[in-house]
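Engineer: please find the sequence and the predicted model below.
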Amino acid sequence: MEFVREPKGVQEFWDECVLKGENVVRRQKLVRECTGVYKNEDALREHGDDLAYWVHNQNFNRESFVKGNLQWGITYINPFTVDGECAMTSGHYHGDPDCDEYYYGLKGTGFLLFWDGGEDFYAEKIYPGSLHYINGHYAHRIINSGDEVLAVAACSLPASKQDHQSIKEHGFPYRCYKRNGEIVWEKQE
Ligand SMILES: O=P(O)(O)OC[C@H]1O[C@H](O)[C@H](O)[C@@H](O)[C@@H]1O
C-alpha cells in the first residue's frame, strides 16, 4: 500500500454533484411509491414510472449501528409537483433523538422542514452552500421548490435509526405548493 493515497470518496460539487468512491450504494424512489407524503395520493398515478428522488450513500460499517459511526449521503430530488405540491422526501424523525445530523445544499433550491412534533415548526431555505444543523429531536423533510434537481449532502449517524412512520401517518404541519410560479405554504388541517 502506498503511503500517499487517493481519498476514499469524491463528492463533486459541480455538474451532477455525483458521489463516488468506496462503499457507495444508490437507492431510489419512484413518485408513485411516495405514499403517505402528498395530500392528493390519486395524483401520484399521473407520474407513471417517474423517479422522485435518489440517494448516494457511503457507509463503511453498513452492518453496524454503533453510535459514532458516520455516513455521508447525497439526496437528489427531481423537480415536479403532485397536484401543485412541491417534490419532497418522505421525511422522518430519528429513533434515537440524541443523534444529530448536518445537511449541506449543493445544487438547486428548496426548503428543509423542521418539526419538533409540537408547536415548533419552521422551514430553512436550501441553496448551494446552505448549511443545516438538524437537532435529533426534530423531524425533517427536504422540499425541491425549484426547476432543477435539488442535491443535498448529509452527514449522519446510522445509529439514528430513521423513523418514518409518524410522519407517514400525521404529515408535517405545513405543505409547500407552487402555484403560477409562486411558492405558497398551506397549513395542514
Ligand atoms: O428517508 P427520507 O425521509 O425520504 O429522506 C431521504 C434521505 O434524506 C437525507 O439524505 C438523509 O440523510 C437520508 O438518510 C434520507 O434517507
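Structural biologist: All right, it came through fine.
Engineer: C-alpha from now on. contacts and neighbour counts both.
Structural biologist: OK.
Engineer: show me what contacts the closest residue to the ligand within the chain?
Structural biologist: The minimum distance from the chain to the ligand, using Cα to the nearest ligand atom, falls at residue 91 (3.3 Å). Contact analysis of residue 91 by Cα atoms under 8 Å, 6 or more residues apart in numbering lists 139, 140, 141, 142, 164, 167.
Engineer: let's see 6 Å
Structural biologist: Shown in contact with residue 91 (Cα atoms under 6 Å, 6 or more residues apart in numbering): 140, 141.
Engineer: for residue 123, same thing?
Structural biologist: Residue 123 touches 111, 112, 113, counting by Cα under 6 Å, 6+ apart.
Engineer: check the last one and give its pLDDT.
Structural biologist: So that's residue 113. Note on residue 113: pLDDT of 98.
Engineer: residues of the chain that sit close to the ligand?
Structural biologist: 73, 74, 75, 89, 90, 91, 92, 141, 154 (Cα under 6 Å from any ligand atom).
Engineer: re the thing from before, distance check, the residue of the chain closest to the ligand against residue 124.
Structural biologist: 15 Å (Cα to Cα, to the nearest Å).
Engineer: kindly report the same for residue 110.
Structural biologist: From residue 110 across to residue 124, the span is 9 Å (Cα to Cα).
Engineer: quick one: least confident helix or strand in the chain?
Structural biologist: helix 165-170 (a mean of 94; mean pLDDT, DSSP states H and E).
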